[in-house]
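1. Quick one, what's the 3D model for this:
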Amino acid sequence: MSLLRSKITMAAAALAVAASMAARPAAAGDDGTAAWGSVGGWQIRVDRSIGNGCFALQGYRDGSVLRLGFDMTRKAIYLVLGNASWRSIELGKLYRIDFVFDGATRYSGDFRGVRLGGSAFLAGTSLSFDFTRDFMERNEVRIYYRGALVGDLSLRNTYAAVAEVVHCQREIAASGSGDRPSGAYRNTAGPFAGASGAVRDPFAR
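-> Below is the predicted model of the structure:
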């Protein structure tokens, strides 16, 4: 095993360990999240609504969003994904989503429709160790729904971002630090917008 792969494996394992740690209260903004910092273009934040769980957040030019972090109330690692054009996602409905990392490894899982800040997202909980490791190690992820490509996203700097999430969770457990969060992402149109000439929303019936 190479040194880099060993470090990635250790960091993925640290995620699972940190998810079992007890968190103390942290100061946060009115939306329930608090800014922690940023690493390689990823925002690191704390969500007090799920036991002060730390998470990494990335917004993309096409309107896509990825969020990976700890749900401290469930002691689980979760992934939230969405796009500004996915307006037809139904609250509570399960969607079978496929992930392909660097064209090499594939994972499938059920993601539930949720609403965050008035926007529709898909949320998956209890991510596997292998999925988390590939999320950190790979450079790109392609996301499919019913065989159709709905996302092609860079995973640049994910190793550093997840490492900082682990550090954040440990610090929160020890000291309960946190700052008031900043603004939300833009709601820009993407390739699945319902406008004439655009590819339709893949989650519409």
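2. In three-state terms, label Y159 for me.
-> Following DSSP: H, G, I helix; E, B strand; the rest coil, the label given to Y159 is helix.
3. so it sits right up against M136, yeah?
-> Yes. The criterion here is C-beta atoms under 8 Å, and Y159 meets it with M136 at 4.7 Å. Quick note: C-beta positions are derived from backbone N, CA and C, even for glycine.
4. If you drop the residues flanking it in sequence, what lies closest to Y60?
-> Once flanking residues are discounted, Y60 sits nearest to L153: 6.1 Å by C-beta to C-beta, 6 or more residues apart in numbering.
5. beta partners for the one you found?
-> V141 (DSSP bridges).
6. from what I can see it touches L66, true?
-> Yes. Between L153 and L66 there is a contact under C-beta under 8 Å: 6.4 Å.
7. okay, and the common contacts of those two?
-> Y60 (C-beta atoms under 8 Å, 6 or more residues apart in numbering).
8. Can you check the pLDDT for S119?
-> You'll see S119 listed with a pLDDT of 85.
9. worst-scoring helix or strand of this structure, pLDDT-wise?
-> helix 3-18 (a mean of 39; mean pLDDT, DSSP states H and E).
10. now the closest residue to F135 other than its chain neighbours: how far from D102?
-> Using C-beta to C-beta, 6+ apart and skipping the chain neighbours, the partner closest in space to F135 is T158 (6.0 Å). Per C-beta to C-beta, to the nearest Å, T158 is found 12 Å from D102.
11. Can you pick out the residue with more neighbours from those two?
-> More neighbours surround T158 than the other of T158 and D102, with 25 against 13 (other C-beta atoms under 10 Å).
12. elements contacting the one helix or strand F131 maps to?
-> Secondary structure assignment for F131, by DSSP states H and E: helix 129-137. Helix 129-137 is packed against helix 3-18, strand 94-101, strand 105-116, helix 158-175, with contacts defined by 3 or more C-beta pairs under 8 Å, 6 or more residues apart in numbering; DSSP states H and E.
13. So for this protein, the centremost residue is which one?
-> R67 (1.9 Å; C-alpha atoms, centre = their mean).
14. burial of the closest residue to it other than its chain neighbours, as a residue count?
-> Distances taken as C-beta to C-beta, 6+ apart put V80 closest to R67, at 4.1 Å, once the chain neighbours are dropped. For V80, the count of nearby residues is 19 (other C-beta under 10 Å).
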